[in-house]
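Visitor: 3D model of this:
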Amino acid sequence: LVPPRLGPFVVSLVVFVICGLLGNPATLQSFLEEWLMDDIVSLLSMTRWSVQMSFVYIFHDLDPEPMDGATSTKLKLYESLYLKRQLGSMGLWSSAAAAL
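Guide: Just a heads-up that it's a prediction; the model follows:
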């Protein structure tokens, strides 16, 4: 597929795309709007699920209070991403744990 000397570089690129770009909360909304991309991102990106686990813990246990409008907007975006997506009837935390 690739020469062995390029293996570490190619693996780094693949991991960057799968974990960094697909699981980035700033771009995740656009991926999750279409069912095919939603399935691809949900299957490939571990960041998508690990960030959801962290957000669910922080949101429910620490009850964050936004300090300004920008932070409040980000919190609402993250709520729409991470508090509405789960696998079947498993619940938010269990869905993320099962996917990982």
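Visitor: How much space separates residue 62 from residue 86?
Guide: As judged by Cβ to Cβ, to the nearest Å, residue 62 and residue 86 stand 20 Å apart. (C-beta placed from N, C-alpha, C; glycine too.)
Visitor: who's more crowded, those two?
Guide: residue 86 (18 against 8; other Cβ atoms under 10 Å).
Visitor: Pretty sure the more buried one sits against residue 92.
Guide: Yes - counting by Cβ atoms under 8 Å, residue 86 does reach residue 92; the two are 5.2 Å apart.
Visitor: Longest helix of this protein, counting residues only.
Guide: Taking DSSP state H as the assignment, the helix of the chain that covers the most residues is helix 69-82.
Visitor: Can you tell me which helices and strands that one packs against?
Guide: Helices and strands touching helix 69-82, by 3 or more Cβ pairs under 8 Å, 6 or more residues apart in numbering; DSSP states H and E, are helix 25-32, helix 46-57.
Visitor: Just say which of those is most tucked in.
Guide: helix 46-57 (a mean of 19; mean count of other Cβ atoms under 10 Å).
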